[in-house]
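Peer 1: Have a look at this fold, sequence not included:
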């Protein structure tokens, strides 16, 4: 699979961002891709939704022109219908409770304009990094549910799939302390590792350490959907 270091380039290869000026990002986290998008495409504006209160507060402390931060979840988007040309979900769909996935995709459909696009980027449940993560945060079921929700949305006639792309993302950690800080001590999940679990995670991580740190390739999948008219 191709190795992608800048997902914005992949996004722009699939979506003409100059023709999609009104963007909504759902589950934005720190909204790094949206920040980069706005720097490179001055005709765009982004409304970035984040359900986690602590991350939302951090986002508000780093304002940026044409970037509106809103605390809300994809299952209840606080915008009127037909407001956006493009919706982004970057590693966020599988964080939506499984019983709300259909509702969330319905909300995205509602706020998109006719012919609007939904770009969903999700980690694939595979790879050596995943084998470490699953020791304390096994996402196999929720990732499968997210993919199934997309497939069911297409089958319903509400969307058509424009593209499906698989790629790898290089991930580097200086040491185990950085791994802990970036993946265990996150605000949107409450990881409380007991001593035995932490030791097992560290032991498996250390197998990949070199003099320059630990390097991985995370497999990813993008599904690009186009909104179809309501039946």
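Peer 2: That came in fine, so what should we check first? Since the model is a prediction, treat every value here as computed from it, not as a measurement.

Peer 1: show me where pLDDT drops low in the protein?
Peer 2: Flagging of the chain using pLDDT under 70 yields the residue ranges 186-191, 231.

Peer 1: max-length helix in it?
Peer 2: helix 140-155 (DSSP state H).

Peer 1: how near is residue 4 to residue 145?
Peer 2: Noted for residue 4: a distance of 25 Å to residue 145, by CB to CB, to the nearest Å. Quick note: C-beta positions are derived from backbone N, CA and C, even for glycine.

Peer 1: Could you do residue 157 as well?
Peer 2: Per CB to CB, residue 157 is found 21 Å from residue 145.

Peer 1: likewise residue 169?
Peer 2: Applying CB to CB to residue 169 and residue 145 gives a distance of 22 Å.

Peer 1: circling back to that earlier point, more crowded one of residue 157 and residue 145?
Peer 2: It is residue 145, of residue 157 and residue 145, that has more neighbours when counted by other CB atoms under 10 Å, with 17 against 11.

Peer 1: so what's the nearest residue to that one once chain neighbours are set aside up against?
Peer 2: Nearest-residue entry for residue 145: residue 98, 4.4 Å, with adjacent residues in sequence omitted and distances by CB to CB, 6 or more residues apart in numbering. Residue 98 is in contact with 141, 142, 145, 149, counting by CB atoms under 8 Å, 6 or more residues apart in numbering.

Peer 1: okay, those in a markdown table with distance to residue 176 next?
Peer 2: Shown next, in a markdown table, are the contacts of residue 98 (distance: CB to CB, whole Å):
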| residue | distance to residue 176 |
| --- | --- |
| 141 | 27 |
| 142 | 25 |
| 145 | 31 |
| 149 | 35 |
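
Peer 1: Going by neighbour count, which of these are buried?
Peer 2: 142, 145, 149 (16 or more other CB atoms under 10 Å).

Peer 1: Quick check: which helices or strands does the longest helix of the chain pack against?
Peer 2: helix 101-111, strand 112-123, strand 159-173, strand 213-227 (3 or more CB pairs under 8 Å, 6 or more residues apart in numbering; DSSP states H and E).

Peer 1: Make a markdown table from those and add mean neighbour count and distance to residue 133 to it.
Peer 2: Listed next are the helices and strands packed on helix 140-155 as a markdown table, based on neighbours: other CB atoms under 10 Å; distance: least, CB to CB, whole Å:
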| stretch | mean neighbour count | distance to residue 133 |
| --- | --- | --- |
| helix 101-111 | 21 | 21 |
| strand 112-123 | 20 | 9 |
| strand 159-173 | 15 | 11 |
| strand 213-227 | 18 | 10 |
